[in-house]
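Undergrad: here's my sequence, what's the structure:
(chains A, B, C and D)
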Protein chains: 2
Amino acid sequence: MTTAPVIPTIPADTRTRILDLAEGLLLERGFNAFSYQHLAKELGVKPAAIHYHYPSKDDLGMAIVARQLRRLRKWRDLPRVADLPPVAQFEALLAVYDTHLGHERRVCLFGALAADFRTLPAPMQAELRTFNRELTEWLAQVLAVGRATGTLRFVGSPAAKAAQVLITLAGALQVARVHDETPFQVIVGQLRLELLT
Amino acid sequence: MTTAPVIPTIPADTRTRILDLAEGLLLERGFNAFSYQHLAKELGVKPAAIHYHYPSKDDLGMAIVARQLRRLRKWRDLPRVADLPPVAQFEALLAVYDTHLGHERRVCLFGALAADFRTLPAPMQAELRTFNRELTEWLAQVLAVGRATGTLRFVGSPAAKAAQVLITLAGALQVARVHDETPFQVIVGQLRLELLT
DNA sequence: GTCTATAGCCCGATAGAC
DNA sequence: GTCTATCGGGCTATAGAC
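TA: Down below sits the predicted model:
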């Protein structure tokens, strides 16, 4: 029996470690419920050290959303996603939400920020709008192709259905947080039942 | 021409005024983004005055959720709601969400609290779970009767469909906040298109 | 270039005035 | 019974040490 190769854990630079940690706290507790103190304690530095890397909390919040947007674009354009048939693309999307669920029942970026939206700095608001718009447009295209090729089934416009499906997924993660993972699975099951032919 | 009877605006007692105001701020900005100072300034008193009526912010938050739960039960059992046929009950539910939208694009209680759920006091968490559970059970019953009588159409279990529809409505209000009222109307239109025969 | 000491503010909450 | 003066603490952010 061979042992799996040891993949060295590359210690991310401080700037990235802060961003990862802040993103986790944002998705687990909300933007107004984590502080530089929380980050500092976890990283073993003083709160003010964070300010060197991200001068204001607004900057840090913006960096989180901007990175998520870059990731979305990268993911969407990946050959192993972009070249898939529509049903597999839809399943790949579901897998992303399932991953969120697996990470301490994190909600998605949109679900984390929507309620507190009015308290967010304007640049973050704009970036989140772009994020949601691009994701919706991508899914609308997937749904349109899927219906045209007879592998996905729905009534109404692809844009309306995409908006509905995405908000259902965001909401399913929120319900999972309030109750447990069961309703998430139930709701995703319902989506599959309705969409897949 | 006769003038409409003057309905005197009964000035609510201070306790109720605080609760109304706090509820509004909660649904517009989130639980962690409003303070006793905000309430006090609006009411023309000092922050500490609020503590007389609601000793802690946890008490105030709990009072908001508890009142919403009382309202839900009252609304659901109203003859003009309980005695309606399923389609009209569904439309009555949509009207409630439309009212939220009309009030400064408020989100619903669930949508306001889900993201920050882990930062809420335990009694509030429990009460919100009850709120969501009772609302879901009510809608599941409505959907079951509607399908049995041939006026509502859906696949899957009434419970799963109810969970999906409610989370879609909560999410539709969140999207309306992030973008504008259009996506809310689009998503509600999609729901109607799919459910109504 | 990286981090710490500390300022200054706003928070929720208590004690006690009226 | 109702409200105000004030406290201790946590917050973000700045100034400056190393």
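
Undergrad: all helices for chain A, in order.
TA: A:14-29, A:36-43, A:47-53, A:57-77, A:79-82, A:86-102, A:109-113, A:122-148, A:158-178, A:181-195 (DSSP state H).

Undergrad: what helices or strands is the longest one leaning on?
TA: So that's helix A:122-148. Contacts defined by 3 or more CB pairs under 8 Å, 6 or more residues apart in numbering or on different chains; DSSP states H and E place helix A:122-148 against helix A:57-77, helix A:86-102, helix A:109-113, helix A:158-178, helix B:158-178. Any C-beta I mention is one placed from the backbone N, CA and C, and that applies to glycine too.

Undergrad: looking at the ones you listed, which is buried most?
TA: helix A:109-113 (a mean of 26; mean count of other CB atoms under 10 Å in any protein chain shown).

Undergrad: what separation do you get for the closest residue to DNA strand C within chain A and B:R15?
TA: The nearest approach of chain A to DNA strand C comes at A:A48, 2.7 Å away (CB to the nearest atom of the strand). With distances taken as CB to CB, to the nearest Å, A:A48 is found 42 Å from B:R15.

Undergrad: more neighbours: which of these two?
TA: More crowded of A:A48 and B:R15, by other CB atoms under 10 Å in any protein chain shown: B:R15, with 13 against 9.

Undergrad: not counting sequence-adjacent ones, nearest residue to the more buried one?
TA: The shortest distance from B:R15 to any non-neighbouring residue, by CB to CB, 6 or more residues apart in numbering or on different chains, is to B:H53 (4.9 Å).

Undergrad: re earlier: contacts only, for the residue of chain A closest to DNA strand C.
TA: Taking CB atoms under 8 Å, 6 or more residues apart in numbering or on different chains as the criterion, A:A48 is in contact with A:Y36.

Undergrad: one step back: closest to B:Q37 out of the helices and strands packed on helix A:122-148?
TA: B:Q37 lies closest to helix A:57-77 among the helices and strands packed on helix A:122-148, at 19.6 Å (CB to CB).

Undergrad: ok, back up a step: pLDDT score for the residue of chain A closest to DNA strand C?
TA: Looking at A:A48, its pLDDT reads 94.

Undergrad: and for A:T2?
TA: Reported pLDDT at A:T2 in the predicted model: 55.

Undergrad: over to A:P5?
TA: For A:P5, pLDDT reads 57.

Undergrad: low-confidence stretches in chain A?
TA: A:1-11 (pLDDT under 70).

Undergrad: so which residue is dead centre in it?
TA: Centroid check for chain A by CA atoms, centre = their mean gives A:C108 as the closest residue, at 4.0 Å.

Undergrad: ok, it touching A:A170?
TA: Yes: with contact defined as CB atoms under 8 Å, A:C108 counts as touching A:A170 (5.1 Å).

Undergrad: OK, contacts around the nearest residue in space to A:L94 that is not next to it in sequence?
TA: If the residues on either side of it in the chain are set aside, A:L94 comes closest to A:V188, at 6.2 Å by CB to CB, 6+ apart. For A:V188, the contact set (CB under 8 Å, 6+ apart) comprises A:L94, A:Y97, A:D98, A:L169, A:A172.

Undergrad: quickly note the distance from A:L27 to chain B.
TA: 9 Å (CB to the nearest CB, to the nearest Å).

Undergrad: show me what from chain A comes close to DNA strand C.
TA: Contacts of chain A with DNA strand C, taken as CB under 7 Å from any atom of the strand, map to A:T14, A:V45, A:K46, A:P47, A:A48, A:A49, A:H51, A:Y52, A:H53.

Undergrad: are any of those buried, and which?
TA: A:H53 (16 or more other CB atoms under 10 Å in any protein chain shown).

Undergrad: gap between the closest residue to A:T119 other than its chain neighbours and A:R147?
TA: Counting by CB to CB, 6+ apart, A:T119 lies nearest to B:A33, which is 4.4 Å off, once chain neighbours are set aside. Using CB to CB, B:A33 is found at 41 Å from A:R147.

Undergrad: touching DNA strand D at all, stretch A:41-57?
TA: Yes: for a cut-off given as CB under 7 Å from any atom of the strand, stretch A:41-57 has contacts with DNA strand D, namely A:P47, A:A48, A:H51, A:Y52, A:P55, A:S56, A:K57.
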